[in-house]
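K.L.:
Pasting the sequence and the predicted model now:
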Amino acid sequence: MNQAAKTALSAIGGTSVMTLSSHLMSEIFGENFREPQHLATMIGRLAPALSKNAKQIAGWGAHFAMGFVFAAVYVELWETRKIKHTILNGVILGLVSGVLGFLIWKGTFKAHPLPPLMRFDHYYLQRIPAHVVFAVFATITYRLIKSNEESSSVTDEPAV
């Protein structure tokens, strides 16, 4: 499998589980931590003529696009063997990504003329565990891909 496909699958795995965890955290704490909804709101406020459906699609698209960007960095690190694709390294990548995600969201909200109404301190704090979830599940997805590649290469070898 090529690197772009590994990146896409790792991004989908990590972003999907991260989104579910943010939804769960929203339910537990009674606050909206749902990234695609916040993105859809901000997009809608910049482009009010868009339909509700278009705003939602754009919010989800932006959310998964950022997941692809983060996963592309991870996969590059794993493929070039700069770091191993262990769960512990996934947690570390998640912590670093969480700080970066916090800064990106903070800058986005600050730059936006009409950001969503929310408790920003809670939202920013939730970015760290959300990105740890993302990175761990991106790592798990990548590990499954590599495991499948390794088992396929063993069974694809010609008999002697």
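P.N.:
Yep, that arrived.
K.L.:
So for the helix or strand hosting L24, what gets flagged as buried?
P.N.:
Assigned by DSSP states H and E, L24 falls within helix 3-29. For helix 3-29, the neighbour count (16 or more other C-beta atoms under 10 Å) marks 6-15, 17-19, 21-23, 25 as buried. Every residue, glycine included, has its C-beta placed from N, CA and C.
K.L.:
Now do T86: how many residues are near it, please.
P.N.:
Residues near T86, counting by other C-beta atoms under 10 Å, number 12.
K.L.:
meant to ask about K82
P.N.:
Look at K82: counted by other C-beta under 10 Å, it has 8 neighbours.
K.L.:
Where does it sit: helix, strand or coil?
P.N.:
Following DSSP: H, G, I helix; E, B strand; the rest coil, we place K82 in the coil state.
K.L.:
please begin residue numbering at 334 from this point
P.N.:
Understood, numbering begins at 334; the last thing we discussed is K415.
K.L.:
Look up the closest residue to it, ignoring the ones flanking it.
P.N.:
Counting by C-beta to C-beta, 6 or more residues apart in numbering, the nearest residue to K415 once its immediate chain neighbours are dropped is E409, at 8.0 Å.
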